[in-house]
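Colleague: the following comprises the amino acid sequence and a computationally predicted model.
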Amino acid sequence: MKIFTHKGHYKQYLSFFFLLVFKLSCHSAFAQMDTFPTLQLKTVEVSAPKIKKPWLKSSYTIYNLVPTMLDQLPQNSLQELLITTPGVFTLNANNQAQDLRISIRGFGSRAAFGVRGVKIVVDGIPETTADGQGQLDNINLGIIQRIEVLENGAAALYGNASGGVLNITTLDDVAFIDKNSFLKIGSGFQSFNGQQYQFTIGKKIKKTSLILHGNHQKGAGYRQHAAYQSTNLNLRLTQQLSSKNKIEAILNFLNSPTAEDAGGVDSLSFEEMPRAARDRNVQFNAGEAIQQGKGSLRYTHQIGKAAELETYAFYTRRNYDGQLPFTNGGTIKLNRDFYGQGSSFSSKKEWRNLDWQYHLGYEIQAQRDARTRLDNNDGMPGDITLLQKEQFTNAGIFLLNDFNYKKWIFNTSIRYDLNNIQVQDQLLTNGDDSGTIDLNAWNYSFGVAYSLSPSKQLFARWSTSFETPTLNELSNNPDGSGFNPSLQAQSAIHYETGIKGFIKNATTIQLSAFYIDSKNEILPYEIAAFPGRNFYRNTGATKRLGLEIYLKQDFNKKIYLTANGSFHKFTFSDYVIDGKSFNGNRLPGLPFFRGALTLDWKIIKKLDLNIQHQTLSRIFTNNENNSFQRSIQLTNISLKYIIKKNRFWWSPYFGVQNIFRTEHADNIRINAFGERYYEAAPRGMIYGGVRMGW
């Protein structure tokens, strides 16, 4: 089967992309005859690089997302917000048992569930576990205030699994600048029996503020055997001890008793019966149930005008029960304890034309998993097949420097991580499969930027990243044992250059070109004896080449137009399995091109319109590149009407996702056995509801 037979598609994507650029440029030229406000990005500090500074004064490729239209979105998945960012690709927004799969420049694409290769930080606290596995199911979308997306390799900043970074900020005490209390409630409904109920309560008494948010959602799902239900609570308590001292405590609780997994199907079933579940997933009652509690403390102390000390500590307890669609070891019970502590010191010095900032710190994390596997007898647990205790311990120390000299900016960072992995086999009837490995690593980065003008900057960066195997990946061994010590850490070197800035205070632009050389890439595969279960192996080496562009145009505070495009060529450069070479083939699960256009339009004073359009090239589903999902176009539209009276407001909203009913897979199971690659997305979804507050 010839795959590369539609070269005209690439021309179509190029034409589409440059047409958007041309339109934005024309709009910018026309709009400049009017008066524009100064863009918020000029004054907002970015904190994902750890040294806080204005976006235009940083040599990193970083995007600052402020979800102003959040109240008219269904708030089902973080995918709704990340569409405006080039280089970021998401799948699996509808399978609640698998979680959203996020990749940044290809890092994270191999995840069978959760997020891999991308570091997630929420309100300054790590959400990604020590072994590099991230979860999004306990993050409340309704209170997200900002997302910073850092796209460079960031292991010198964050350590393991930092091919990219999502730095998420939720509603905090800044909400009380012009009020001492507030209340917001909402209810929403959507296709396939979806329901969502939310509330947010805020109260400030003198120097103490409290914010409580709750979210409950449930539904039947688009496909058969795809029902879900979850309840999430988040409590944030802030105490301003003095003008220079502040302490924050956050408690988070998640209860998800039901998340069914409809499974992947082959292309024939996908086309003829898109809503049907895989028969074995129904037979074995595939899915999961989760309970999680998390608590954290963060303390900041301002030292004079130029120095700051910050320290944090956290503890997470997660209980997981899962069912996979096969008998041998198909029932999983996992009890996880994840905790850690970190501190950092930042300071700034000035000498004539030289400004120097540095950031010195350490992080200590420990993860303890008690994993049990039992036979899955048509949905009922059977005999124990695996019983082991796993632990992943990390200790890292880092130093960052930032130098500003006239028009030049230099950034350097270095970090050393100790990573120790231990597995203790507690089921010795079939031998002792205990083991231990150390995967320690040095990581570095160097960046330079030159200011062409006060509003434009050239930049270049060199950095490294690495990913250790997760405890789950190490525990999935094809030979049936409980530990796979042959699985090694993946490492990468990142090279990047670009330009970013503003045009006449109305247009934000960022253009980046990058090359990434990766070794020991870890990819999933399946075997006939365990269909539906993922195993992992190192693939040798890959090369990643990319070009990304981001444009944002503001029109008189009424129309906000965002366009972005990503051209990626991710290929195997050294990958031979059983004498078969995949060299030159593209990495599966990732598009060659992704383009997105988002329009936020305040049609009249009380009516807001949001349109999202996304173009995706075809996506290969396996290493052989002989199967793929075709290129697709997806369009979403939503409306919100706002009514205000005194201190009360209410806002009905309505939206349609995939309005042209495009047939496509929302999730692609890479290298699945039996060519069961596809999980169908809804061919259209209607949603609506009302949100109100005081």
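Modeller: Sure, I can see it.

Colleague: from here on, contacts and neighbour counts on C-alpha atoms
Modeller: Will do.

Colleague: separation between Asn636 and Gly361?
Modeller: 43 Å (C-alpha to C-alpha, to the nearest Å).

Colleague: just Lys644 next, same as before
Modeller: Counting by C-alpha to C-alpha - Lys644 and Gly361 are separated by 47 Å.

Colleague: the more surrounded of these two?
Modeller: Gly361 (19 against 13; other C-alpha atoms under 10 Å).

Colleague: do I have it right that the more buried one meets Gln341?
Modeller: No. Taking C-alpha atoms under 8 Å as the definition, Gly361 is not a contact partner of Gln341, at 11.0 Å.

Colleague: rounded mean pLDDT for stretch 550-563, please.
Modeller: Average pLDDT, stretch 550-563: 88.

Colleague: where does the protein have its least confident helix or strand?
Modeller: helix 7-31 (a mean of 45; mean pLDDT, DSSP states H and E).

Colleague: next secondary structure after it?
Modeller: strand 45-46 (DSSP states H and E).

Colleague: that next one pairs with which strands, and in what direction?
Modeller: Each strand paired with strand 45-46, and its direction, by DSSP bridges: strand 53-54 (antiparallel).

Colleague: pLDDT (mean, whole number) over the strand it pairs with?
Modeller: 88.

Colleague: how far out from the middle of the chain is it?
Modeller: Centroid separation for strand 53-54 versus its chain: 23 Å, with C-alpha atoms, centre = their mean, to the nearest Å.

Colleague: quick check: what element follows it along the chain?
Modeller: As assigned by DSSP H and E, the chain's next helix or strand after strand 53-54 is strand 62-65.

Colleague: so how far is the helix or strand following that next one from its chain's centroid?
Modeller: Sequence-wise, the next helix or strand downstream of strand 62-65 (DSSP H and E) is helix 79-82. Relative to its chain's centre, helix 79-82 lies at 9 Å (C-alpha atoms, centre = their mean).

Colleague: give the rounded mean pLDDT of helix 79-82.
Modeller: 92.

Colleague: who's in contact with that helix?
Modeller: Here helix 79-82 makes contact (C-alpha atoms under 8 Å, 6 or more residues apart in numbering) with Leu65, Pro67, Leu73, Val88, Thr90, Leu91, Ala93, Leu100.

Colleague: need the contact list for the closest residue in space to Ile205 that isn't next to it in sequence.
Modeller: In space, and not counting its chain neighbours, Ile205 is closest to Asn180: 7.3 Å by C-alpha to C-alpha, 6 or more residues apart in numbering. Neighbouring residues of Asn180 by C-alpha under 8 Å, 6+ apart: Gly202, Lys203, Lys204, Ile205.

Colleague: Provide the backbone phi and psi angles at the last one.
Modeller: Pointing back at Ile205 there. When read as degrees, to the nearest 10, the backbone of Ile205 gives phi -130, psi 110.

Colleague: so which bits of the top strand by length along the chain are buried?
Modeller: Secondary structure of the chain per DSSP state E: the longest strand is strand 380-405. Neighbour-count burial for strand 380-405 flags 381-382, 384-404 (criterion: 16 or more other C-alpha atoms under 10 Å).
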